[in-house]
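Peer 1: how would this look folded up:
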Amino acid sequence: MAHVISSRAPTEPQARALRTVLFDLDGTLADTAPDLAYALNCVLQQQGRDTLPFAQIRPVASHGGAALISLGFGLGPGHHGYDALRAELLRTYQDNLTRHTGLFPGMAELLATLEQRGMNWGVVTNKPAWLTDPLMDQLGLSTRAACIISGDTTPNRKPHPEPLLLACRQAGSTPQQCLYVGDAERDIEAGRRAGMHTAVALFGYLDAQDTPQRWGADTLIDHPLELLAWIDNANQAGVA
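Peer 2: This is a model prediction of the structure:
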């Protein structure tokens, strides 16, 4: 069951009816953690280090290469050897984008149902385009998405609202007509700053320290298909 946190009552129901759903990529639309973990463990092995268990890597998977190198090697930007390790990690990942990656259970049905309802959907991610675009191609989603906004598409990345605002323009919707779904606090912050409805994907890469109930999202979902009922309720509330 979806965990509804708040409800916004639109003053102009038709203009504010939801018509676009935007998704974060890693940990929301697609379960990419297995291949990110594979890439990190390959680099650890190359450096003569022990590999890490998947359960330790999964919560970090949404936070990019820097977070993975920090987890595996205890190094950050500016540290000696960091740049070379991160480059090798990303090269390995690029060669294994869909070794084990696929959509989360229920996500394919959600996308199909949105399309059947005449709604559109897109992706807004901090992943660079040279990784996002081939991943979307390999998942067979590029031609179906109304927009694909990567971390280097605009000058600013999430939590800045700029990439989300570009996404809604490309999708032909206003921010009030968009719902942004993500699994990190920066996703919800970006969506809220853009004036969109927001949802937390609890099935994503949250860790034990995350407090999604405090992020200010409109709803928290345990399964992608829970979004359909929430969208119905939100649109009905707007018409009432």
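
Peer 1: Every contact and neighbour count from this point should use C-alpha atoms.
Peer 2: Will do.

Peer 1: got the residue ranges for the helices in this protein?
Peer 2: 13-16, 33-46, 54-57, 64-73, 82-94, 107-116, 129-138, 162-171, 185-193, 226-239 (DSSP state H).

Peer 1: mind checking which of the ones you listed is nearest Val123?
Peer 2: Val123 lies closest to helix 162-171 among these, at 7.8 Å (C-alpha to C-alpha).

Peer 1: Which positions in that closest one come out as buried?
Peer 2: 162-168, 171 (16 or more other C-alpha atoms under 10 Å).

Peer 1: Including distance to His100 and mean pLDDT, could the helices of the chain go into TSV?
Peer 2: Formatted as TSV, these follow (distance: least, C-alpha to C-alpha, whole Å; pLDDT from 0 to 100):
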stretch	distance to His100	mean pLDDT
helix 13-16	38	62
helix 33-46	6	98
helix 54-57	13	97
helix 64-73	18	96
helix 82-94	11	97
helix 107-116	16	98
helix 129-138	12	98
helix 162-171	28	98
helix 185-193	24	98
helix 226-239	25	89
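
Peer 1: Can you add distance to Asp207 and give those helices back as JSON lines?
Peer 2: Below are the helices of the chain laid out as JSON lines (distance: least, C-alpha to C-alpha, whole Å):
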{"stretch": "helix 13-16", "distance to Asp207": "34"}
{"stretch": "helix 33-46", "distance to Asp207": "13"}
{"stretch": "helix 54-57", "distance to Asp207": "9"}
{"stretch": "helix 64-73", "distance to Asp207": "13"}
{"stretch": "helix 82-94", "distance to Asp207": "22"}
{"stretch": "helix 107-116", "distance to Asp207": "21"}
{"stretch": "helix 129-138", "distance to Asp207": "24"}
{"stretch": "helix 162-171", "distance to Asp207": "24"}
{"stretch": "helix 185-193", "distance to Asp207": "12"}
{"stretch": "helix 226-239", "distance to Asp207": "21"}
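
Peer 1: residues near Asn156, how many?
Peer 2: 13 (other C-alpha atoms under 10 Å).

Peer 1: what's the distance between it and Arg193?
Peer 2: 13 Å (C-alpha to C-alpha, to the nearest Å).

Peer 1: do the same with Thr211
Peer 2: 19 Å.

Peer 1: Those two: which has the busier surroundings?
Peer 2: Arg193 (16 against 11).

Peer 1: Enumerate every residue touching the more buried one.
Peer 2: Neighbouring residues of Arg193 by C-alpha atoms under 8 Å, 6 or more residues apart in numbering: 160-161.

Peer 1: of all the buried residues of helix 162-171, which comes closest to Leu75?
Peer 2: Pro163 (28.5 Å).
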